[in-house]
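Q: With the sequence up front, the predicted model follows.
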Amino acid sequence: MNPVAELVAARGAKAQLVVVRDGEVLVDNAFGCSPDVPFLLFSAGKPFVAVLVHLLAKRGLLGLDDPVARHWPEFGRHGKETVTIRQVLQHRSGVPVARGIRRDALVAANWPRSVRALERARPRWPPGEVPAYHILSYGFVLGELVQRVTGKDLRDVLRTELLDPLGLSRTHLGTPASLWRDRVPVRARGMDGKIRQAVFNRRALRQAVIPAATMSSTARDLARFYRMLVNGGELDGVRVLSPDTVAEARRPSSDGETDRLLRLPIRWSQAFQLGGPGPDPARPRPMGRTSGRNTFGHNGSNCCLGWADPDRGLVFAYLTNLLESGLEGAPHQCEVSDAVLAAYG
């Protein structure tokens, strides 16, 4: 067993790990499960809907600098009239939550109620002023926009425009009934983790359409998604995005400002979290302390992670089912990312 696999195995969680360099699969391991069973991605699934919005912008169905209210008039109330789609993509709309983290979570499985709550919400900060992580609102705002400009269900648009062209047959928004028996149950450590374990193992929630939380996938599928992105929008002869669309999605929007909700310095693009050294070298960074500034990807509750480093030609997908309290999972993710960079970068 190589050192990276030893790190993963020692944690004792079910997991999948895929590492690809310049199109060559270097690591494809599953721990305690089949490589084909889907894991809940949590926020590691956010880039799917964000990239979809960039794709629709390229087609002219919306503009990134359009006010959200141009396409969703009911959203443009209570100080949100000027919030733009780009500001949502950058976590700068000023509306990181509709009513509060816990209250938003209670209605997250109900799309109409979540949308109405966002329509009634007031910005906590002036739109565009500061980054504040949009835990659930990110997916609902972008997802509702997709449905409004296409006239179709978000799941159908994702399937037609991204998932099917890339051959991501094990990736879904909301766990389908046909895959319920194949799912990987969430495990947890710590009291808050136990609460999340109970919540995220409920069938009603796992099957719900919550774009910022209930995407499910395999490490193989997630790696294919990032391979397409690191290749400039094309994979296996199929072009999904134009190179300039990928570049726009990757373009930095903040350079390590302290996120007002998470209270951590985070580099954001317009669809992804970005790598590179942080202001505090001692703080673990999920993509690795040795990650490059052009690295892009997304963490999911410190238990799932996907990233790509275009300078190294490296793609990384690491999915686990172990939730830990607070930020306790971040050091492990950082350690695995750094081990991959040392071994294969």
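A: Okay, I see it. Numbers count the residues shown, from 1 in each chain.
Q: Residue 266 belongs to a helix, doesn't it?
A: No: under DSSP: H, G, I helix; E, B strand; the rest coil, residue 266 sits outside any helix and is assigned strand.
Q: Residue numbering should commence at 23 henceforth.
A: Let's use 23 as the start, then, which means that last one is residue 288.
Q: okay, now the closest residue in space to it that isn't next to it in sequence: neighbour count?
A: Nearest residue to residue 288, sequence neighbours excluded (C-beta to C-beta, 6 or more residues apart in numbering): residue 281, at 4.9 Å. All C-beta spots, glycine's among them, are computed from the backbone N, C-alpha and C. For residue 281, the neighbour count with other C-beta atoms under 10 Å is 18.
Q: swap in residue 122?
A: By other C-beta under 10 Å, neighbour count at residue 122 equals 10.
Q: Let me see the ranges of the helices in the stretch 123-272 of the chain.
A: Assignment of helices within the stretch 123-272 of the chain using DSSP state H, counting those that start in this stretch yields the ranges 123-128, 133-142, 159-172, 176-180, 213-222, 225-228, 241-252, 265-272.
Q: and the next element down the chain from the last one?
A: Reading on from helix 265-272 to the C-terminus, the next helix or strand found by DSSP states H and E is strand 276-280.
Q: averaged over its residues, what pLDDT does that following strand have?
A: Averaging pLDDT along strand 276-280 yields 89.
Q: Alpha carbons only: can I get it in CSV?
A: Provided in CSV are the C-alpha atoms of strand 276-280 (Å, rounded to 0.1, in the frame of the first residue of the first chain):
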residue,chain,number,x,y,z
SER,A,276,-11.1,37.3,-3.6
ASP,A,277,-7.5,36.7,-2.5
GLY,A,278,-7.8,35.3,1.0
GLU,A,279,-10.2,37.8,2.6
THR,A,280,-11.7,36.5,5.8
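Q: Could you list the buried residues of it?
A: By 16 or more other C-beta atoms under 10 Å, the buried positions in strand 276-280 come out as 276, 278.
Q: Show me what it pairs with in its sheet, parallel or antiparallel.
A: Here strand 276-280 has these sheet partners by DSSP bridges: strand 287-290 (antiparallel).
Q: Show me which residues of the regular element (helix or strand) spanning residue 353 are buried.
A: Here residue 353 sits within helix 352-366, counting by DSSP H and E. Neighbour counts over helix 352-366 (16+ other C-beta under 10 Å) mark 352, 354-363, 366 as buried.
Q: what residue ranges in the stretch 123-272 of the chain score low on pLDDT?
A: Low-confidence segments of the stretch 123-272 of the chain, defined by pLDDT under 70: 213.
Q: out of the helices of the stretch 123-272 of the chain, nearest to residue 59?
A: helix 241-252 (10.3 Å; C-beta to C-beta).
Q: Packing partners of that closest one?
A: With contacts defined as 3 or more C-beta pairs under 8 Å, 6 or more residues apart in numbering; DSSP states H and E, helix 241-252 has these neighbours: strand 37-43, strand 46-53, helix 68-80, strand 256-257, helix 265-272, strand 326-331, strand 336-342.
Q: Show me the one of those that comes nearest residue 87.
A: helix 68-80 (9.5 Å).
Q: Mind checking what helix or strand follows the closest one in sequence?
A: Helix 68-80 is succeeded, C-terminally, by helix 90-93 (DSSP H and E).
Q: That following helix packs against which elements?
A: Packed next to helix 90-93, using 3+ C-beta pairs under 8 Å, 6+ apart, are helix 159-172.
Q: now the helix it packs on against helix 68-80, angle please.
A: 30 degrees (axes from the mean of the first three to the mean of the last three C-alpha atoms, to 10 degrees).
Q: between helix 159-172 and helix 133-142, how many degrees?
A: Using the same axes, to 10 degrees: helix 159-172 against helix 133-142 is 100 degrees.
Q: Now do helix 159-172: which elements does it pack against?
A: Partner elements for helix 159-172 (3+ C-beta pairs under 8 Å, 6+ apart): helix 68-80, helix 90-93, helix 107-111, helix 133-142, helix 176-180.
Q: Name the residues that touch it?
A: 68, 71-72, 74-75, 78, 83-84, 90, 93-94, 97, 107, 110-111, 113, 115, 117-120, 126, 133, 136-137, 140, 143, 156, 175-176, 179, 231-235 (C-beta atoms under 8 Å, 6 or more residues apart in numbering).
Q: Please identify the most buried of the helices and strands packed on helix 159-172.
A: helix 107-111 (a mean of 24; mean count of other C-beta atoms under 10 Å).
Q: All set, thanks.
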